[in-house]
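Enquirer: Give me the fold of what follows.
(one chain, ligands or ions: 2)
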Amino acid sequence: MANSKFEYVKRFEQPDQLLPNTWIVVRLDGRGFTKLCAKYGFEKPNDRRALELMNMAAKAVMTDLPDITIGYGVSDEYSFVFHKTCSLFERRASKLVATTVSTFTAYYIHFWPTCFPDVPLSSPLPSFDGRAVCYPSVQNLRDYMSWRQVDCHINNLYNTTFWTLIQLGGMDAKEAEKALAGTLSADKNEIMFSRFNINYNNEPEIFKKGSVVFRDYELVEPGSHIVAEEADDLAEPVQQSKTQQETDKKRRAKARVLVDHLDIIKNDFWDRRPWLLSNKPGKIPKQT
Ligand SMILES: Nc1nc2c(ncn2[C@@H]2O[C@H](COP(=O)(O)OP(=O)(O)OP(=O)(O)O)[C@@H](O)[C@H]2O)c(=O)[nH]1
Ligand SMILES: [Mg+2]
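Expert: Numbers count the residues shown, from 1 in each chain. Ligands and ions are numbered 1, 2, ... in the order given. Got it, this is the predicted structure:
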């Protein structure tokens, strides 16, 4: 068939494939959420309904995109990790980011009335930006996840103290900012405890640790495997038989997607859940 004279424009499409054999993290972030939170009267510093809405959208994304092995969310951002052997969309960055962000946004809008039954949405509607970053080793990936969780801790301790000084201490924003200038973590804990009798440790885990989303299989004893090394040694996807592929697919689809608020910095979280790094579905836990 003859090509049309217009077809040359196809050559303008340039490849945007992400490096093979690397963990792909797609991080999305709410656009202009400072304004949006004020518009809809989100509670300060943490609005549980808003966080639950983010988590519902994240769960739906992970259910729709089985190539995502784990997600981590805090504030108006969510990071989704595609396994290093993932070949979805031939690892094209634009397709991976666009699909993740649009799926997340669609569910965010869909679940809004569930979380905010008395607050109708109006234009400008919530939207999210997104980027993809490749991490070559398990250590790099774990450090990325740790970075986000440490960020969550630092911001939440600051925000919690800041808003306590305002809401319970009667300060204005300027005074609270001044009171916190140059303080370390221990000082903030001390301010909360001595002035307001609040023990920061007793704050809800969802605020202190953020939210982790993953498939729920039976936990394993830590120390019984070497998953991180095996994942790093893996140069390309293991060739699987058709039946094995089908079994994995079914088990993955059967697994519940869980949201929890756990420490993802320590080894324990990863050691007990080898499937996060191996991408081999674990045992489905018995129904209780
Ligand atoms: N009140 C309230 N604000 C929140 C909550 N979660 C996130 N935010 C606000 O959302 C904003 C997130 O920060 P950024 O992503 O840096 O700011 P942004 O306004 O979204 O700007 P861009 O991401 O650059 O578009 C902060 O201003 C937070 O105060 C919440 O639970 N309650
Ligand atoms: Mg934002």
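
Enquirer: now the helix or strand residue 156 falls within: mean pLDDT?
Expert: Residue 156 belongs to helix 138-167 when assigned by DSSP states H and E. Mean pLDDT, taken over the full extent of helix 138-167, equals 98.

Enquirer: what helices or strands is it leaning on?
Expert: With contacts taken as 3 or more CB pairs under 8 Å, 6 or more residues apart in numbering; DSSP states H and E, helix 138-167 sits against strand 23-30, strand 68-74, strand 77-82, strand 128-135, helix 173-180, helix 185-196, helix 205-209, helix 227-233. C-betas here are computed from N, CA, C, even on glycine.

Enquirer: Make CSV out of these and add distance to residue 113, mean pLDDT and mean neighbour count.
Expert: Below are these laid out as CSV (distance: least, CB to CB, whole Å; pLDDT from 0 to 100; neighbours: other CB atoms under 10 Å):
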stretch, distance to residue 113, mean pLDDT, mean neighbour count
strand 23-30, 18, 98, 23
strand 68-74, 20, 98, 24
strand 77-82, 20, 98, 24
strand 128-135, 19, 98, 17
helix 173-180, 32, 98, 13
helix 185-196, 35, 97, 15
helix 205-209, 21, 98, 18
helix 227-233, 40, 92, 15
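
Enquirer: so can I have TSV of the ones you listed showing distance to residue 36?
Expert: As requested, these are exported to TSV (distance: least, CB to CB, whole Å):
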stretch	distance to residue 36
strand 23-30	7
strand 68-74	16
strand 77-82	14
strand 128-135	11
helix 173-180	19
helix 185-196	27
helix 205-209	19
helix 227-233	38
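
Enquirer: so who does residue 235 touch?
Expert: By CB atoms under 8 Å, 6 or more residues apart in numbering, residue 235 lies in contact with residue 21.

Enquirer: got the helices and strands packed on helix 138-167 as JSON lines, with distance to ligand 2 columns?
Expert: Compiled in JSON lines, the helices and strands packed on helix 138-167 are given as follows (distance: least, CB to the ion, whole Å):
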{"stretch": "strand 23-30", "distance to ligand 2": "4"}
{"stretch": "strand 68-74", "distance to ligand 2": "11"}
{"stretch": "strand 77-82", "distance to ligand 2": "7"}
{"stretch": "strand 128-135", "distance to ligand 2": "8"}
{"stretch": "helix 173-180", "distance to ligand 2": "20"}
{"stretch": "helix 185-196", "distance to ligand 2": "24"}
{"stretch": "helix 205-209", "distance to ligand 2": "18"}
{"stretch": "helix 227-233", "distance to ligand 2": "31"}
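
Enquirer: for these, which one sits closest to residue 44?
Expert: Relative to residue 44, the nearest member of these by CB to CB is helix 173-180, separated by 10.9 Å.

Enquirer: which residues touch the residue most central in space within the chain?
Expert: By CA atoms, centre = their mean, the chain has its centre lying nearest to residue 72, at 2.4 Å. Contact analysis of residue 72 by CB under 8 Å, 6+ apart lists 78, 79, 145, 148, 149, 210, 211, 212, 213, 264.

Enquirer: same check, this time on residue 20
Expert: Counting by CB under 8 Å, 6+ apart, the residues that residue 20 touches are 91, 236.

Enquirer: what's the answer for residue 131, then?
Expert: 26, 27, 97.

Enquirer: Pretty sure residue 264 sits in a strand.
Expert: No - counting by DSSP: H, G, I helix; E, B strand; the rest coil, residue 264 is located in no strand; its state is coil.
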